[in-house]
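1. Provided below are the primary sequence and the corresponding predicted coordinates.
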Amino acid sequence: MIRNTKCECGHQNPVGTVLCEACGKPLDEELAASDSVLEMRYDGMARRSQKPHPNPVDRVWNFFSSVRVAVWLIVITLAAAALGTVFPQESAFVNLTDPAAYYRENYGTIGAVYHALGLSRTFESWWFITLMVMIGASLVICSLDRVLPLYRALTRQQVRKHLQFITRQQVVYVGPIQGDAEAWTARFAEILSRKRYKVRTDGNALLAEKNRFSRWGPYVIHIGLIVFLLAVLMRGVIPGWYMDEYVGLDDGEIEQIPRTGYFVKSLGFRIDFYSDDELPEHLKGQLRVKQFTTKAVLYECVAYCDDATREPELKEVAAHDIRVNSPLSYRGLRLYQYDFAEAPRLISVRPTLVDKRTGQSYGPFELPMRHPPLTYSVGPFTLELRDSFPEFGLDENGEPVTLSREPNAPAFVFVIKGPGLPEEGVPYLYFPREADRQRFGQDRINGAAAEMFDIRVMSMEDVEFSTYTSYLNVRVDRGMPYVWTGAAITMIGLVMGIYWNHRRIWLRIDDGVLSLGAHTNKNRFGLRAEVAAALAKAGIEVDAKMLDNRRKES
Amino acid sequence: MRRHKSVQYLILALMLLVGGYAVGRSFASSGDVLRPGDKPPSFRLADLQGEAHTLEEYAGNPLILNFWGTFCPPCREEMPALQQQYEAWKDEGLQVVGINLSEDRHRVENFIRRIGVSFPILLDTNRRTERAFGLREYPTTYFIDANGVIRQIVSGPLTIEEIEGRVKSLLESA
């Protein structure tokens, strides 16, 4: 249906205009014939999406410009996000090798269905991200579709409005005045100016307006939300912006932080307990943890980082006693205390070589459990390392093997060479841990060599061991400053839109009759009181309640 | 009004671009684990003689990449089968490379000598390569075609027959 959009005042309006852009007269004949309160949304302007012949691109634009669509998108996203929190997400686990089995075993059939539907990865799923992108598009397009026409309408306001426009506002006063119309208008303008209104007059017509900026509040909120959304999006898109990894460290151990050029070393993990003096009566005598601490040093690789044939060259860049909520922080990299395990492990020993034939002992010599050197000079003897087993065991054929890469039950095969020994030397199997020495029967295995030599640690001072494995959570989140910026902008928009309200007062005097209409986007009571007070100062006493246009209707 | 239209198109195009990229990535980043059809991540590792080798060196011919450790019984078990198949097919262009799971060099050397492995063995350090491949189980064997694309991934030990069938299809497709 093509309607004539030209107003009687002579202004040509775009299709979709409700109230004439110039004089404010209702354009729709049905609307013009009634006397209901006017709908002032976007000042009756046509939205950008209201075009007569939409092409496919316009249709996409129109779809996203609909508030109804926006509300549905938000409702669907909320529902999906709620479903995503029913069971823990897969990303919440450090090491989940078989997620399908995990959900089935822990949550039964529902868990299996949950996983099969992909809800266990809701927040990384394509459809959830599609929803987020659609909400983003809706935010941008909804805003643009409304803010531009509204801006145009508010900057090009005509002072003299159609009588119908004025008398069909929310707040209306119609009544006779005495004296010259223009003088009365000027005086009333003065009164409103003192109430911080910006006043424009056109003969005996007047437009007073204040706090227009609060109308931009919702759009500022939208800008904040878009910044927020983009920041979250960037986290997943820009390499190095987001990382969430875990590193397990024995005391004294150094590990590379996955996918970075950084290495972290633990100088020791400790648990402090509250003393009885610090505990309340009913907890005395109990072990209550006061603090978990990992003394950590962060290194940056400066040379040979990707060279597998050499050891990387490291430079210390930061050191910190990592405690819960007190991470080691370096250039956006944060290492948090996450977990610990009691896992006693040898780091190194300093054993002594005893020549049983002479009773002489030599050493001690340094023997690290990880990456041991291949030769050791001990007194007149040379020990050549032929093999080592971090966790000694026997395979199905009775052959010695290592059961893991961790030094849980270390064993070393030396060949001892030196005075009084055959050229090819004497093989000797050494277990640093006394328990392993007994369990595997070191002396029995070594046979004749055990008659000649003993390798043993003389005192506990020659043993360096780790009691705990400390687990650190390594995080990088470079999107956070932008997330905060977005949140701050949103807050500013919220304050703008909520603590101020846009108030406008129109009036015209026709043949000694004053017609006054006023509109606000919120707090109508305040506006009515303000108008009543202004009228009182101009000599017209009227009850604020009587100004309510809708009251008169009913 | 024409200017408005082009701005409108620009905004829509921008959204399509950013949104499309974000959604596209959600498909790609469905985990760090490699799948058939992927290209394996590049590496640079030392062999037992201390010389560095990269994945790129093996391009052009089918490659079996086997991650193994002396601490893993099925790895030890399948090693002779890999060696047998290497000898059987190396003249046809098959390459076999064993990547050790960050153990000490002397450990690896002792084991290799005892089994009599003659295909190249590379040494991972600090579990870096193993992490880059997203390894979940040991052993894991990647069957990579001449174009450098992973055709099959097998976790667990392989028998001679199981290797042979896969090698044949690798060589046929080359």
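-> Alright, I've got the coordinates.
2. For the rest of this, base every contact and every neighbour count on C-alpha atoms.
-> OK.
3. and A:I135, what does it touch?
-> Contact analysis of A:I135 by Cα atoms under 8 Å, 6 or more residues apart in numbering or on different chains lists A:A70, A:L73, A:I74.
4. Specify which member of the residues you listed is nearest to A:L507.
-> Checking the contacts of A:I135 against A:L507 by Cα to Cα gives A:A70 as the nearest, at 37.5 Å.
5. wait, is the closest one part of a helix?
-> Yes - assigned with DSSP: H, G, I helix; E, B strand; the rest coil, A:A70 falls within a helix.
6. Chain B contacts on the stretch 351-500 of chain A?
-> A:H371, A:R386, A:D387, A:S388, A:F389, A:V401, A:T402, A:L403, A:S404, A:R405 (Cα under 8 Å from any Cα of the partner chain).
7. Narrow those residues to those in strands?
-> Residues of those located in strands (DSSP state E): A:R386, A:D387, A:S388, A:F389, A:V401, A:T402.
8. Output these in a markdown table; the columns should cover neighbour count.
-> Shown next, in a markdown table, are these (neighbours: other Cα atoms under 10 Å in any protein chain shown):
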| residue | neighbour count |
| --- | --- |
| A:R386 | 18 |
| A:D387 | 21 |
| A:S388 | 24 |
| A:F389 | 26 |
| A:V401 | 21 |
| A:T402 | 26 |
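9. which one of those is nearest B:H106?
-> Using Cα to Cα, those come closest to B:H106 at A:D387, 6.3 Å.
10. who's that closest one bridged to?
-> Taking DSSP bridges as the rule, A:D387 bridges to A:V413.
11. now swap in A:L298 and tell me
-> Beta bridges link A:L298 to A:V264, A:A318, judged by DSSP bridges.
12. Chain B contacts on the stretch 101-250 of chain A?
-> Going by Cα under 8 Å from any Cα, the residues of the stretch 101-250 of chain A near chain B are A:E124, A:S125, A:W126, A:W127, A:I129, A:T130, A:V133, A:A137, A:L233, A:G236, A:V237.
13. Please identify which of those is nearest to A:I226.
-> When those are compared against A:I226 (criterion: Cα to Cα), the nearest one is A:A137, at 9.1 Å.
14. residues touching that closest one, list them.
-> Neighbouring residues of A:A137 by Cα under 8 Å, 6+ apart: A:F64, B:M15.
15. In terms of helix, strand or coil, where does A:P373 fall?
-> Strictly by three-state DSSP, A:P373 counts as coil.
16. count of neighbours near it?
-> 12 (other Cα atoms under 10 Å in any protein chain shown).
17. A:G379 is in contact with A:Q360, isn't it?
-> No - in this structure, A:G379 is not within contact of A:Q360 by Cα atoms under 8 Å, at 9.8 Å.
18. Among the residues of the stretch 101-250 of chain A next to chain B, which lie within helices?
-> Counting by DSSP state H, the part of those found in helices is A:W126, A:W127, A:I129, A:T130, A:V133, A:A137, A:L233, A:G236, A:V237.
19. Tell me the buried residues in the helix or strand of chain B with the lowest mean pLDDT?
-> Ranked by mean pLDDT, DSSP states H and E, the weakest helix or strand in chain B is helix B:2-28, scoring a mean of 81. Residues of helix B:2-28 classed as buried: B:Q8, B:I11, B:L12, B:M15, B:V18, B:G19, B:A22, B:V23, B:R25, B:S26 (neighbour count, 16 or more other Cα atoms under 10 Å in any protein chain shown).
20. Adding distance to A:P419, write those out as a markdown table.
-> Output for the buried residues of helix B:2-28, formatted as a markdown table (distance: Cα to Cα, whole Å):
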| residue | distance to A:P419 |
| --- | --- |
| B:Q8 | 91 |
| B:I11 | 86 |
| B:L12 | 86 |
| B:M15 | 81 |
| B:V18 | 76 |
| B:G19 | 77 |
| B:A22 | 72 |
| B:V23 | 73 |
| B:R25 | 68 |
| B:S26 | 69 |
